[in-house]
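Visitor: With the input below, show me the fold.
(one chain, ligands or ions: 1)
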Amino acid sequence: MEVITFYDEENNKHAYKKYKGYTFSIDFLGNDGELLEKIAQRTIKDDDVLVNVYPKSGTHWLYNTVMMLRSGTLDYHGTPTMMELQDFNLIEEMPSPRTFGSHLRCRFLPEQMKNGKGKVITITRNPKDIVVSLYHMIRQFKRFVGYEGTFDGIVKYFLTEQFFTFGSWFSWTKDMEEWNSPNCLTLCFEDFKKNTFSNVVKLAKFLEVDHDEKFLQLVTENIRFEKLKENHIITVPSSEKWKEFSEDGRLPIYRKGQIGEWKHMFTVSQNEMFDKVFKEKVAELGLKTECCFE
Ligand code: A3P
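Guide: As a prediction, this is how the structure comes out:
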């Protein structure tokens, strides 16, 4: 895969990997599409669950909810093993039932999953809050992950097809919407936050796990933002892998967990520009964007 590096007119630094016209993170492990081919051909088991989420939309929140429901415990499970960012064999070696993650656009997911095997769960979030969340996270990173520069620069970059976290949110979301299969469930970040219990019930039903209401209430309590943030520090050991990114060897995933943080960051002109492109892209791609974005 080719790595493209460039500086925009404000001198912000950008880099991404390009393969067959698609954008990938520079941390994508593949070379010449080999890993993509292996992922596409991966053998899927009936009880596999993939948490496939656009970065900063609630991957950890969703993954940990799924893990509590599947394990029948309230344990915190940290970061999912990611199909495209970690060694291929890690998932092969996992005991069943396996739950793993990915930020890949749907066209690159395992063929067997696309044909209905296993389950796929995703969560969508207001893209303005995604940019804010991502900007704050990468600013804390010790090393360059694909963008270094101003907030204005990242807002503009986000609206392009070459955005460094697996391409444009718009076309990524379009891919996901096209899936539209009974083995895929889509949640909405904003609704998950406001109506957590009913979403936990929905997830339990989709995962076909049998728990009483008391346990589902306990899960609801244990996936609160403050609880997950605390558990991330208490229970996740500092790892060499993440030391590349952060001093304490843990990913700085949990910042505020709020809806509408963009209102504190976007200027009026950034917001107008974003809304204009959003409107055009939604019309061009025929996006449903059923979520309620505030
Ligand atoms: P913020 O940066 O806005 O706080 P991901 O896991 O995909 O990287 O997403 C991280 C975002 O999800 C962070 O957003 C994080 O705080 C938020 N998040 C995680 N758990 C949450 C929860 N229980 N409630 C609300 N937001 C949560």
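Visitor: Those residues of this protein touching the ligand, which are they?
Guide: Neighbours of the ligand within the chain, by CB under 6 Å from any ligand atom: 53, 55-61, 129, 133, 136, 193, 223-225, 228, 253-257, 261. For glycine as for every other residue, the C-beta is placed from the backbone atoms N, C-alpha and C.
Visitor: Report the buried residues of the lowest-mean-pLDDT helix or strand in the chain.
Guide: Scoring the helices and strands of the chain by mean pLDDT, DSSP states H and E places helix 240-243 at the bottom, with a mean of 82. Within helix 240-243, the residues that count as buried by 16 or more other CB atoms under 10 Å are residue 242.
Visitor: Could you do stretch 22-37 as well?
Guide: For stretch 22-37, a neighbour-count test (16+ other CB under 10 Å) marks 22, 23, 24, 25, 27, 28, 29, 30, 33, 35, 36 as buried.
Visitor: what's the span of that stretch, first residue to last?
Guide: Taking CA to CA, to the nearest Å, the first and last residues of stretch 22-37 lie 14 Å apart.
Visitor: I would like the residues contacting that stretch, please.
Guide: 1, 3, 15-20, 84-88, 103, 105, 108, 145-146, 161-168 (CB atoms under 8 Å, 6 or more residues apart in numbering).
Visitor: ok, residue 55 - how many residues close by?
Guide: 17 (other CB atoms under 10 Å).
Visitor: Could you double-check that it sits in contact with residue 125?
Guide: No: contact criterion CB atoms under 8 Å: residue 55 and residue 125 do not qualify, at 10.1 Å.
Visitor: quick revisit: just the buried members of the residues of the chain next to the ligand?
Guide: Counted by 16+ other CB under 10 Å, the residues of the chain next to the ligand give 53, 55-61, 129, 133, 136, 193, 223, 228, 253-254, 257, 261 as buried.
Visitor: Would you mind listing the outside residues contacting the least confident helix or strand of the chain?
Guide: 249, 250, 251.
Visitor: Could you do stretch 77-85 as well?
Guide: By CB under 8 Å, 6+ apart, stretch 77-85 touches 24-25, 27-30, 35-36, 39, 42, 50-51, 59-60, 63-64, 67, 90-91, 94, 99-104, 108, 232, 235-236, 251, 253.
Visitor: Just the contacts of stretch 22-37: which are in helices?
Guide: Taking DSSP state H, the ones among those that sit in helices are residue 88.
Visitor: Buried subset of the contacts of stretch 22-37 as a ChimeraX selection?
Guide: The following ChimeraX line selects those of the contacts of stretch 22-37 that are buried, judged by 16+ other CB under 10 Å:
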select :1,15,16,17,19,84,85,86,103,105,108,145,146,162,163,164,165,166,167,168
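Visitor: Tell me who's in contact with whichever residue of the stretch 151-294 of the chain sits closest to the ligand.
Guide: As assessed by CB to the nearest ligand atom, the ligand sits closest to residue 257 within the stretch 151-294 of the chain, at 3.0 Å. Contacts here follow CB under 8 Å, 6+ apart; on that basis residue 257 touches 193, 225, 229.
Visitor: Dump those into CSV; add pLDDT, secondary structure and distance to residue 178 as well.
Guide: What follows is these, written out as CSV (pLDDT from 0 to 100; DSSP: H, G, I helix; E, B strand; the rest coil; distance: CB to CB, whole Å):
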residue, pLDDT, secondary structure, distance to residue 178
193, 97, helix, 26
225, 98, helix, 31
229, 96, helix, 34
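Visitor: Make CSV from those and add distance to residue 243 to it.
Guide: CSV is the format used below for these (distance: CB to CB, whole Å):
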residue, distance to residue 243
193, 31
225, 25
229, 20
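Visitor: thinking again about what came up before, for the least confident helix or strand of the chain, what is the distance to the chain centroid?
Guide: Using CA atoms, centre = their mean, to the nearest Å, the mean C-alpha position of helix 240-243 is found 20 Å from that of the whole chain.
Visitor: Kindly report the same for stretch 162-181.
Guide: That offset, for stretch 162-181, works out to 11 Å (CA atoms, centre = their mean).
Visitor: before we move on, what about stretch 278-287?
Guide: The answer for stretch 278-287 is 21 Å, by CA atoms, centre = their mean.
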